[in-house]
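Q: Pasted the sequence and its predicted model underneath.
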Amino acid sequence: MIVCVCNNVNVEKVKASIDAGADTLEAIRETTGAAACCGKCQFKVNRVLQQHAPQLDDQNGYLVAQTVNASH
Ligand code: FES
């Protein structure tokens, strides 16, 4: 599925960029060209980023668990 029409970037390319370490919209823009033209696709790129970066959620969950344990 095409995410960015302007630069013909599909969702697989965005996911590959995230897998390679891109963790912000700016990083994905630099590596794929998505959202580098009209910007209308930014919300789609962000959605792919949020859905395809489970390690960020895991890390936050770990930090939350640590904070809870430290308070006891
Ligand atoms: S659709 Fe992505 S920059 Fe225009």
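A: Right, received. Where do you want to start? Residues are numbered from 1 along each chain as shown.

Q: tell me the SS of Leu49?
A: Here Leu49 is recorded as helix under DSSP: H, G, I helix; E, B strand; the rest coil.

Q: Tell me which residues touch it, please.
A: Applying CB atoms under 8 Å, 6 or more residues apart in numbering, we find Leu49 in contact with Val14, Ile18, Asp23, Thr24, Leu25, Ile28. All C-beta atoms are positioned from the backbone trio N, CA, C, and that covers glycine.

Q: Ok, Cys6 next?
A: Ala36, Cys37, Cys38, Cys41.

Q: What distance do you get for Leu49 to the ligand?
A: Per CB to the nearest ligand atom, to the nearest Å, Leu49 is found 14 Å from the ligand.

Q: can you give me the helices for this structure?
A: Secondary structure of the chain, counting by DSSP state H: helices at 11-19, 25-32, 42-51, 54-70.

Q: Now do the second one: distance to the chain's middle.
A: Computed by CA atoms, centre = their mean, to the nearest Å, the chain-centroid distance of helix 25-32 equals 9 Å.

Q: how about it: buried residues?
A: By neighbour count with 16 or more other CB atoms under 10 Å, helix 25-32 contains the buried residues Ile28, Arg29, Thr31, Thr32.

Q: How about stretch 12-23?
A: Lys13, Val14, Lys15, Ser17, Ile18, Ala22.

Q: do stretch 42-52 as well
A: Here stretch 42-52 shows Gln42, Lys44, Val45, Val48, Leu49, His52 as buried, counting by 16+ other CB under 10 Å.

Q: Same list (those residues) but as TSV, adding pLDDT and distance to Ile2.
A: Listed next are the buried residues of stretch 42-52 as TSV, based on pLDDT from 0 to 100; distance: CB to CB, whole Å:
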residue	pLDDT	distance to Ile2
Gln42	97	14
Lys44	97	9
Val45	97	12
Val48	97	12
Leu49	96	16
His52	94	16
